[in-house]
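*Asks:* structure of the sequence below:
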Amino acid sequence: MRILFVCTGNTCRSPMAEGLLRKLARERGVNVEVTSAGVAASNGTPISRHAEAVLKSQGIADNMTSKPLHGQLTEWADLILTLTQGHKRHVIQYFPAAADKTYALKEYVEDNETVLAEQEELHQLIAEFELSKVLGNTLDEVKSNRLNQLLRNIPVYDISDPFGGSRADYDMTADEIAAALDKLLDKLKKDNLL
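*Replies:* Predicted coordinates:
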């Protein structure tokens, strides 16, 4: 399994996700290849000092530098996990062939059955809405109201951005990422993807 993490500059969140997943997978005896990139990254920028300190405190001494997201990386990956919904939209917009394997990390590991059912209903209503637009029709009022209600109910799947913050901000973000990565490894194992 090859996993690509994507954030903005590839100096904070995605390298922390990369390093933490590599460590967790090794601890669980799971074989994954993992890398990260940024939608607005330059090549070779060191990761932020706080991100590096967080990783070192976890015993992770990977020497990571930033790299921009490009087509070869999206082709390489079996699974692309973004740190925000905005990053997901960016990947899908610029690399549409990767759409079926691109998710926000927290979205991909969602395990609340009610939320999952509402997401499925939302996807169906959005498809109906788009089809209605193409045909020059409108959704009936009941479906339109339900669509709006579902849009309000769906959780936000963005990992907090610690950029420019304190070490404590980075620790909180790393904890948020680590919780999602534990769920990720459980899901991949359950789905026989490892």
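*Asks:* tell me how far stretch 86-104 lies from the chain's centre.
*Replies:* Its chain's C-alpha centre and that of stretch 86-104 lie 10 Å apart, by CA atoms, centre = their mean, to the nearest Å.
*Asks:* what does stretch 95-107 give?
*Replies:* With CA atoms, centre = their mean as the basis, stretch 95-107 stands 8 Å off its chain's centre.
*Asks:* report the buried residues of it.
*Replies:* Phe95, Ala98, Thr102, Tyr103, Ala104, Leu105, Lys106, Glu107 (16 or more other CB atoms under 10 Å). From N, CA and C alone the C-beta is placed, and that goes for glycine too.
*Asks:* tell me how many other residues surround Asp129.
*Replies:* Slight slip there: residue 129 is Phe, not Asp. Here the number of neighbours of Phe129 (other CB atoms under 10 Å) works out to 16.
*Asks:* show me what contacts it?
*Replies:* By CB atoms under 8 Å, 6 or more residues apart in numbering, the residues touching Phe129 are Leu139, Lys143, Ser144, Leu147.
*Asks:* for it, helix, strand, or coil?
*Replies:* helix (DSSP: H, G, I helix; E, B strand; the rest coil).
*Asks:* okay, it and Leu135: tell me how far apart.
*Replies:* Phe129 sits 11 Å away from Leu135, going by CB to CB, to the nearest Å.
*Asks:* could you do Leu184 as well?
*Replies:* Leu184 is 39 Å from Leu135, by CB to CB.
*Asks:* more neighbours, the two?
*Replies:* Leu184 (23 against 8).
*Asks:* give me the number of residues near the closest residue in space to that one that isn't next to it in sequence?
*Replies:* Leaving aside its sequence neighbours, Leu184 sits nearest to Val109 (CB to CB, 6 or more residues apart in numbering; 5.2 Å). Close neighbours of Val109, defined as other CB under 10 Å, add up to 20.
*Asks:* give me the distance between Val109 and Glu176.
*Replies:* From Val109 to Glu176 the distance is 12 Å (CB to CB).
*Asks:* so Leu147 touches Leu122, yeah?
*Replies:* Yes: using CB atoms under 8 Å, Leu147 is in contact with Leu122, at 7.2 Å.
*Asks:* just put the contacts of Phe129 in a markdown table and tack on secondary structure and distance to Pro162.
*Replies:* What follows is the contacts of Phe129, written out as a markdown table (DSSP: H, G, I helix; E, B strand; the rest coil; distance: CB to CB, whole Å):
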| residue | secondary structure | distance to Pro162 |
| --- | --- | --- |
| Leu139 | coil | 40 |
| Lys143 | helix | 40 |
| Ser144 | helix | 38 |
| Leu147 | helix | 34 |
